[in-house]
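Novice: When you get a sec, could you give me coordinates for this:
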Amino acid sequence: MRAKNLLILNILLLLPVICLGPAMASTTPSDTVVFSHVSVITMRTDQVLADQTVIVSGGKILKMGPTKDVAVPKDSVTVDGSGKYLMPGLADLHVHLFSSDDLLSYAANGVTTVLNMDGSPMHLRWREQVRRGEILGPAIYTASHTMDGLPPLNEMFFTAEKPETAAAYVRESKRAGYDFIKLYGTLRPDVFRAILQAAAQEKIPVAGHINRQVGALEVLKSNQVLAAHLEDLIFSRFDRPPTDPELVEFADAIAASRITVTPNLNVNPTNAAQLKDLDAVLRSAEADLLPPAAYSQWMPANSRNERNDQTAQQLEQMQQVQTILYKLVRLLNARGVRLVLGTDAAPYGFPGLSAHQELAELVEAGFTPYQALVTATRNPGEFLAENVPSAEHFGTIEEGFAADLLLLAANPLANVQNAKRIDGVMLRGRWLPAAEIGKLQASVRAHNAEIKQRLLEIDAALEMGDMGRAEKAAEPLAVEKPPWIAEWVLMTKARKLQGTKLPAAIQVARWSVRMYPESFSAYTLLADLLMQAGKLSDALPPVRESLRLEPNNAASLNLLEKIQALQEPPRFTPVGTYRIEYTNDQSGETQSSDLLIEAAPDGRLTGKKSDLREKGDQGGEASALRSVQAGRDRLWAVAETPYGPLEFRITVQNTDLTGYWAGPFGRNGKLAGKKIK
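Specialist: Alright, predicted model coming up:
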């Protein structure tokens, strides 16, 4: 009775705080918890150990053995495991945490360890709060800000344009306490190599996407330890669907590299479900548990999966790619490549639930339930133990390992779906029965429902640029501490508005700064929009604050240089034709274009870009430049391409032109030319 009362007291301590904000844990777990008469799946083998007793104390597995041979300590909490199965908690090594509200969803679904793949100072705080028992949730490991080239594929990414600034960021990330360096796929090869060299010197592991300019085979020879997305590996190796013999050869190369891979098989099915019927997805019971910040990214106006006249082809392509992924993941598993579960939740899956979808996808691909579960337990535990010195040993049930455990009502080795039949979760020795988890989720669901309903009104107002209506709708949310709308959503809204309602776009950017005061990208967005509005003096403080937060971010450095130059009148006549040749630093490929710059009636600079096949020979219709700006001896012109913006930074000396260009996917280099009119 005393043990039962202690358990109820621990849960009651949790409930009031979870209803109001981040899920708070009691100050200390019960000293000792005993699982008796339980069938144990250690995950060292695919055997089930019947009628075992497992003793947990101090957050560790203290002892395990046949029930008849193990003495139960006095005053311990005893959990009757008769007819039940005890296995290690699951790990998801590719998540994106939008708020601390996400953490309960992971824990409730048996995910007891996560690797956050795009970090910030708030993630470092959550990691420590979970460790201290102040927030209820899985153990958190976190990578740095995602490092990308300039221009980045996502403005929230840290941009690295030069090897020396990239190396400096690696050193800063190590000092800040991040567990990994996270890479995206568009970095210049020289920058990529500088990152890996600095990471080796700093002894911090590198994870992330496969660099498209370097290519998969070269990345496999590097010291990058984790490849996120099996699909990314394929696309960085082949520019067409590979043949079966090519897949075999590629699998051999991956196996020889000793790199660890997250298959991320759940992403295509998740995207397909949203493309087929997003409304049905958002009305589902699973969506009820999406925390508001994550939910804001799934809303129709913000969804990455928007139906259009190409939807049928997209769905067909997803299925074709999924078939190739199934083939390759089977080949990798047969060759002993270490595979670790990763889902890319919450952008591409429900937190916690997506882990079970990934397990089902692995079985669909041909894995046994045991092989699938290894990717979510033993393999992640070994991977983190090898790469993160502070990592606890977890992922198997053995003495001395972390007590992150699942108690299941049925055997997951018989059917991997049984891993969802959770009777209780243990987080580092803290025992939470399923009934109490349900109460916590119900409280959070009710609380979040009110915020989500208000989010619908806020989102509609932001989409229209009606900031008065948005501010009014958001007033009751002033007391909400966790971010209740994703920074990516605010950034996207601001960019949508900047062409037609620039003042409203600036207000949205100010919202983002208030909501995310530690985000360098929020300040860069605000500074850029203020610059576009001609408010150069107002733009300087936010760009400087961005650089205070991240001194080596190339996008902010470039923006500061631009703002300072624009504060002076041009020393040349901006109107005219600029004939430039620009060379890709890596491939040596040279292109030629004419930039025709004109002055609009209101004094703004506009222009068009015409590509040249041969010198003086226009190769097609001229396309409008997105923006043109001039100051001091500099001119900036931004053109659109099918893959993203292409920026020309031109220095003008009489008629001579020199400078630099930066295009999508890290394609950039020097430029030169003449001003011919």
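Novice: Strands along the stretch 451-600 of the chain, start to end?
Specialist: 576-583, 590-599 (DSSP state E, counting those that start in this stretch).
Novice: Can you lay out those as CSV showing mean neighbour count, distance to residue 669 and mean pLDDT?
Specialist: (Each C-beta comes from the backbone N, C-alpha and C, glycine too.) As requested, the strands of the stretch 451-600 of the chain are arranged in CSV below (neighbours: other Cβ atoms under 10 Å; distance: least, Cβ to Cβ, whole Å; pLDDT from 0 to 100):
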stretch, mean neighbour count, distance to residue 669, mean pLDDT
strand 576-583, 19, 5, 95
strand 590-599, 18, 9, 94
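Novice: will you turn these into TSV that also has distance to residue 97?
Specialist: Below are those laid out as TSV (distance: least, Cβ to Cβ, whole Å):
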stretch	distance to residue 97
strand 576-583	40
strand 590-599	41
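Novice: Would you mind listing where the chain has pLDDT under the threshold?
Specialist: Along the chain, segments meeting pLDDT under 70 span 1-30, 614-620.
Novice: Tell me how it divides into domains.
Specialist: Here the domain parsing of the chain from automatic domain parsing is 90-393, 486-566, 576-675.
Novice: could you dump those to JSON lines with distance to residue 78?
Specialist: Shown next, in JSON lines, are these (distance: least, Cβ to Cβ, whole Å):
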{"stretch": "domain 90-393", "distance to residue 78": "21"}
{"stretch": "domain 486-566", "distance to residue 78": "43"}
{"stretch": "domain 576-675", "distance to residue 78": "58"}
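Novice: so which of the ones you listed comes closest to residue 449?
Specialist: domain 90-393 (7.3 Å; Cβ to Cβ).
Novice: Cross-check the contact I'm expecting between residue 164 and residue 191.
Specialist: No: checked against Cβ atoms under 8 Å, the pair residue 164 and residue 191 is beyond contact range at 9.5 Å.
Novice: More neighbours: those two, which one.
Specialist: Higher neighbour count among residue 164 and residue 191: residue 191, with 28 against 12, using other Cβ atoms under 10 Å.
Novice: got a list of contacts for the host helix or strand of that one?
Specialist: Under the criterion of DSSP states H and E, residue 191 resides in helix 189-202. Contact partners of helix 189-202, identified using Cβ atoms under 8 Å, 6 or more residues apart in numbering, comprise 147, 149, 160-164, 166-167, 170-171, 174, 181, 183, 187, 205-206, 211, 213-214, 222-224, 585-586, 666.
Novice: In that helix, which of the residues would be classed as buried?
Specialist: In terms of neighbour count (16 or more other Cβ atoms under 10 Å), helix 189-202 has its buried residues at 189, 191, 192, 193, 194, 195, 196, 197, 198, 199, 202.
Novice: ok, then the element right after it?
Specialist: strand 206-208.
Novice: and that next one, how far from the chain's centre?
Specialist: 12 Å (Cα atoms, centre = their mean, to the nearest Å).
Novice: Each with direction, which strands does that strand pair with?
Specialist: Note on strand 206-208: by DSSP bridges, its sheet partners are strand 180-183 (parallel), strand 224-228 (parallel).
Novice: The longest one to helix 189-202, inter-axis angle?
Specialist: It refers to strand 224-228. 120 degrees (axes from the mean of the first three to the mean of the last three Cα atoms, to 10 degrees).
Novice: Just the C-alphas of strand 224-228, formatted as PDB.
Specialist: Backbone C-alpha positions of strand 224-228 (Å, rounded to 0.1, in the frame of the first residue of the first chain) are rendered in PDB as follows:
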ATOM      1  CA  GLN A 224      30.800  11.700 -41.200                       C
ATOM      2  CA  VAL A 225      29.300   9.200 -38.800                       C
ATOM      3  CA  LEU A 226      25.600   9.300 -39.600                       C
ATOM      4  CA  ALA A 227      23.800   9.600 -43.000                       C
ATOM      5  CA  ALA A 228      20.300  10.900 -42.500                       C
END
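Novice: quick one: contacts of that strand?
Specialist: For strand 224-228, using Cβ under 8 Å, 6+ apart, the contacting residues are 93-94, 117, 180, 183, 196, 205-210, 219, 233, 259-262, 264, 340, 342, 383, 387.
Novice: What is the neighbour count of residue 389?
Specialist: 8.
Novice: where does it land in three-state SS?
Specialist: What DSSP: H, G, I helix; E, B strand; the rest coil gives for residue 389 is coil.
Novice: Pull up the gap between it and residue 177, please.
Specialist: 12 Å (Cβ to Cβ, to the nearest Å).
Novice: Just the ones in helices from the contacts of helix 189-202, please.
Specialist: Residues of the contacts of helix 189-202 located in helices (DSSP state H): 163, 164, 166, 167, 170, 171, 174.
Novice: Now distance to residue 574 too, for the residues you listed, in a markdown table please.
Specialist: Compiled in a markdown table, those are given as follows (distance: Cβ to Cβ, whole Å):
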| residue | distance to residue 574 |
| --- | --- |
| 163 | 33 |
| 164 | 32 |
| 166 | 33 |
| 167 | 36 |
| 170 | 39 |
| 171 | 40 |
| 174 | 44 |
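Novice: Please, a ChimeraX command that selects the buried ones among those residues?
Specialist: With 16+ other Cβ under 10 Å as the criterion, this ChimeraX line picks the buried residues out of these:
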select :163,166,167,170,174
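Novice: what about the longest helix anywhere in the chain, distance to the chain center?
Specialist: Across the chain, the longest stretch assigned as helix under DSSP H is helix 434-464. Counting by Cα atoms, centre = their mean, helix 434-464 is centred 22 Å from the centre of its parent chain.
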